[in-house]
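Chemist: Model the structure of this input:
(chains A and B)
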Amino acid sequence: MVRMSNLAREIRTYSLSVGFIFIVLILWEVSTILFKIPQYILPSPLETITAFVTKWPALSAELVYTLEEILVGFAIGTVVAFGLAMAIASSPLLPKILYPVIIAVQVVPKIALAPVFLVWFGYGEVPITLITALICFFPVLVNSIKGLVTIDQSIADLMTSLSASRTQVFSKVQLPNCIPYLFASLKVAMTFAIIGAIVGEWIGGASHGVGYLMLVYSSNFDTAPLFAGILMITLVGVLLFAVTAAVEKLVAPWAQPVELTFST
Amino acid sequence: MTYAKEKMQVEALKNVELAVEPGEFFSIVGPSGCGKTTVLKLAGGLLKPTTGKISLNGRSVQESRKSHEFAFVFQTPALLPWRNLRDNVLLPLEIIGEDNESNRKGAFELLDFMGLSKFLTSYPSVLSGGMQQRVSIARALSFSARVLLMDEPFGALDAMTRAKMGYELLRIWSQFRRTVIFVTHDIPEAVLLSDRVAVMSERPGKIVDTRTIDIPRPRSAESQNDSRFSLHVQAIRKHFGLG
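Modeler: The predicted model follows:
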């Protein structure tokens, strides 16, 4: 019965949120009509949906490019970051030396390094993917190090009392301890990857991708399709986030939420 | 005995001399911060004394720790959240390389005796505090360590669970005899459980009294009605100005 009422309460909370969104959309719709806001300034929700449907062939064709940048960049950034985190955490001294440095580097907005990548790698998909990798890199690095070294003192004492080897401590305690931190950072990295790919397309002179297409719509004052592009990239973001969360549930059903060290 | 903490030396303990007999249930009582935990960590080879000597059957406790003679139970259950109950209990056997059929069988019999068999596949986060601490005790008994070192194991539990756990520990101990060094600030708990109780004073920690508890075993809730029970409790309370 307790379970039922919990479920009922959750459904009620969610339906209130959904209801709120609907009210906002209706107000938006009504005000564009009421105040005669031109479509090139602010398309209404219905116009956006219509554009989403009519422009679907173009949007979905360009999404393939953007999705590739997102996923490849995410993979490179997170794999390199986690590998480096393991290397750093395998020494007792390195995390102490490097962690403050890495935290300090966090202050640099990584996206601001994008123009440098254009200098190094020219234009096209390569620098865009690498920009995406770069902004995925830091949250995963920082939080993986944290997860690998933040061991409960009693658990550390327990391992010492059993005279566990360093390899045993690493594989049986540090690595599993890191999983919730890793996934928390992967969820952030996934949303960052989308920013990286879109902004990368904007500054990288891309000739493909959703970001590129949005620039074309923007320069033509095609605002409704532009909003459709925003809608599409948002849906992709929600989907990729959900997939990451689902993988976490599968890999680590025991995981409790952890506090994330943030990164931009 | 002193021990080095970071670079500063803290005189945590002074002239602490203890001899614990094989198979004995030995408690150390004292106020918070008197160095009880330090004594226990020194005894189990987790800390090295800067001066003084600690040995188990003539061998240094460091060596004894390396041959897995010590099992710890901490104030927090210190269970690995990513392992279910069964795998938490089997952890020591895995680490010391004795994870074989017969040892596993022993561990499962122990879990059965402790009434934990129903929860083998549960993760620690779904178990109550008292249950988690029982798993932690089972883990400490799952391998062949001769000395069980318990650091306020019931300190984080509510009073009712705490009392139950005391009786439960007596029941387990009478079945799986180990030498126990039990640290607590709960005087009646120490008297109820122990063969001997050492009384510690505050920093630098010193042993001011060691009392032999002559209440007959097996002990139970009834033992608290024994006249000797309140005599011992009173005598120990006096040392802390509570008498």
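
Chemist: And A:Ala184, how close does it get to chain B?
Modeler: The spacing between A:Ala184 and chain B, counted by Cβ to the nearest Cβ, to the nearest Å, is 15 Å. C-beta: built from backbone N, CA, C; applies to glycine.

Chemist: where are the low-confidence patches of chain A?
Modeler: A:1-4, A:262-264 (pLDDT under 70).

Chemist: ok, which residues in it are in contact with chain B?
Modeler: Residues of chain A lying close to chain B by Cβ under 8 Å from any Cβ of the partner chain are A:152, A:154-155, A:157-164, A:168, A:172-173, A:176-177, A:179, A:252-256.

Chemist: can you map out the strands along chain B?
Modeler: In chain B, the segments counted as strands under DSSP state E are B:3-5, B:8-10, B:25-29, B:55-56, B:59-60, B:70-73, B:147-151, B:179-184, B:196-201, B:206-212.

Chemist: And the helix or strand harbouring A:Leu235, what does it pack against?
Modeler: If you go by DSSP states H and E, A:Leu235 is part of helix A:223-251. Helix A:223-251 is packed against helix A:45-54, helix A:56-89, helix A:175-203, helix A:210-219, with contacts defined by 3 or more Cβ pairs under 8 Å, 6 or more residues apart in numbering or on different chains; DSSP states H and E.

Chemist: Return the distance of that helix from the chain's centre.
Modeler: 9 Å (Cα atoms, centre = their mean, to the nearest Å).

Chemist: Go through it and flag the buried ones.
Modeler: A:223-229, A:231-233, A:236-237, A:240-241, A:244, A:248 (16 or more other Cβ atoms under 10 Å in any protein chain shown).

Chemist: between these, which is closest to A:Leu71?
Modeler: Proximity of the buried residues of helix A:223-251 to A:Leu71 was ranked by Cβ to Cβ; the top entry is A:Leu240 with 8.4 Å.

Chemist: quick one on the thing from earlier: most packed of the helices and strands packed on helix A:223-251?
Modeler: helix A:175-203 (a mean of 23; mean count of other Cβ atoms under 10 Å in any protein chain shown).

Chemist: any idea of the angle that helix forms with helix A:223-251?
Modeler: 170 degrees (axes from the mean of the first three to the mean of the last three Cα atoms, to 10 degrees).

Chemist: Can you name the next helix or strand after whichever strand or helix holds A:Pro115?
Modeler: Assigned by DSSP H and E, A:Pro115 belongs to helix A:114-121. Counting by DSSP H and E, the element after helix A:114-121 in chain order, helix or strand, is helix A:125-149.

Chemist: Report the contact partners of whichever residue of the stretch 1-150 of chain A sits closest to chain B.
Modeler: Checking the stretch 1-150 of chain A residue by residue against chain B with Cβ to the nearest Cβ singles out A:Gly147 as nearest, at 11.8 Å. Contacts for A:Gly147 (Cβ atoms under 8 Å, 6 or more residues apart in numbering or on different chains) come out as A:177-182, A:258.

Chemist: between those residues, which is closest to B:Asn84?
Modeler: Once Cβ to Cβ is applied, the member of the contacts of A:Gly147 that ends up nearest B:Asn84 is A:Ile179, at 15.2 Å.

Chemist: What number of residues are in the vicinity of the nearest residue to the closest one once chain neighbours are set aside?
Modeler: In space, not counting the residues next to it along the chain, A:Ile179 is nearest to A:Ala252; the distance is 4.7 Å by Cβ to Cβ, 6 or more residues apart in numbering or on different chains. Neighbour count of A:Ala252, defined by other Cβ atoms under 10 Å in any protein chain shown: 16.

Chemist: Check the burial of A:Gly205 by counting its neighbours.
Modeler: Neighbour number of A:Gly205 under other Cβ under 10 Å is 13.

Chemist: How about B:Glu17?
Modeler: Neighbours around B:Glu17, by other Cβ under 10 Å: 10.

Chemist: correct me, but it touches B:Ile207?
Modeler: Yes. With contact defined as Cβ atoms under 8 Å, B:Glu17 reaches B:Ile207; the gap is 6.9 Å.

Chemist: I'd like to know which of the helices and strands packed on helix A:223-251 is closest to A:Pro127.
Modeler: helix A:175-203 (6.9 Å).

Chemist: Give the other helices and strands that the closest one contacts.
Modeler: Where contact means 3+ Cβ pairs under 8 Å, 6+ apart, helix A:175-203 is packed against helix A:56-89, helix A:114-121, helix A:125-149, helix A:210-219, helix A:223-251.

Chemist: orientation of it relative to helix A:56-89 in degrees?
Modeler: 140 degrees.

Chemist: mind checking how far helix A:175-203 is from the chain centre?
Modeler: For helix A:175-203, the distance to the chain centre is 4 Å (Cα atoms, centre = their mean).
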